[in-house]
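A.B. asks: quick one, what's the 3D model for this:
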Amino acid sequence: MARQTRDRENLLQEATALVERIEFAIGPDRKRVVVGFRQNGACSFFFGAEPVYQFNSKMQLRRAYVDGKLFGATAGTLSVLKRLRQRDRLAIERQVLETTDVEALIVQAQEHLSHLDQVLRDGSFVSVGQVPSEIDVHGRVRTWLSTLPTPLQIADSPRVGGGIDDSTVSAEKTSNDPVG
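C.D. replies: Below is the predicted model of the structure:
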């Protein structure tokens, strides 16, 4: 998500951490959706430039980028994350969301993912490209979506590995947490 403010038109080429990835054009407006898997099975969904939903290997939401805001999982709930430059390092400020805001974001994510699942089942999409070309990434995406828990579960950490450390445990608004 380092390039979160930039257009995502080159994700198939640039998102090398996603070892299996595919781009779909869906709906009458042919909106681009990129889905990718990391080596450990963690999955990311890019609906155009946003929203973006990233899951760990346990299918738990770990990060999201929605309406220009970065959200990260913190001890089973979501926080708004703001990156701040402090002297010679980056720091992160976390603002824990109210329960109603978490629920609204989860509902929105579930709607996007359910719609994509329906489009893939209906066949009302075009596969724009995928990496690597010899693997059934489309089938993997369909399988992943069909086994996604409802309601969505939230991870304990925004980190792809899912581990909790000092920079991800704090549930209060802070300004001195190091960026992980």
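
A.B. asks: contact partners of the longest helix anywhere in the chain?
C.D. replies: Of all segments of type helix in the chain, defined using DSSP state H, the longest is helix 99-122. By CB atoms under 8 Å, 6 or more residues apart in numbering, the surrounding residues in contact with helix 99-122 are 24, 26-27, 33, 35, 45, 47, 51, 53, 61, 64, 66, 71, 77-78, 97, 125, 138, 141-142, 145-146, 148, 150-152, 154. C-beta coordinates here come from the backbone N, C-alpha and C atoms, glycine included.

A.B. asks: just the residues contacting the longest strand belonging to the chain, thanks.
C.D. replies: Scanning the chain for the strand with the most residues, using DSSP state E, yields strand 77-86. Residues outside strand 77-86 that contact it (CB under 8 Å, 6+ apart) are 61, 64, 69-73, 90-97, 99, 101-102, 105, 154, 158, 171, 175-176, 179.

A.B. asks: sorry, back to before: what mean pLDDT does the next helix-or-strand element following the longest helix of the chain get?
C.D. replies: Following helix 99-122 in sequence order, the next helix or strand is strand 125-131 (DSSP states H and E). The average pLDDT for strand 125-131 rounds to 96.

A.B. asks: now for strand 125-131, which elements pack on it?
C.D. replies: helix 11-14, strand 20-26, helix 137-146 (3 or more CB pairs under 8 Å, 6 or more residues apart in numbering; DSSP states H and E).

A.B. asks: just the ones you listed: most buried one?
C.D. replies: Using mean count of other CB atoms under 10 Å, the stretch among the helices and strands packed on strand 125-131 with the largest mean neighbour count is strand 20-26, at a mean of 20.

A.B. asks: contacts for it, please.
C.D. replies: 11-12, 15, 31-37, 116, 119-120, 124-132, 135, 137-138, 140-141.

A.B. asks: one more time with 6 Å
C.D. replies: If you take CB atoms under 6 Å, 6 or more residues apart in numbering as the criterion, strand 20-26 is touched by 12, 15, 32-37, 119, 125-126, 128-131, 135, 137-138.

A.B. asks: who does it pair up with?
C.D. replies: Paired strands of strand 20-26, with direction, are strand 31-37 (antiparallel), strand 125-131 (antiparallel) (DSSP bridges).
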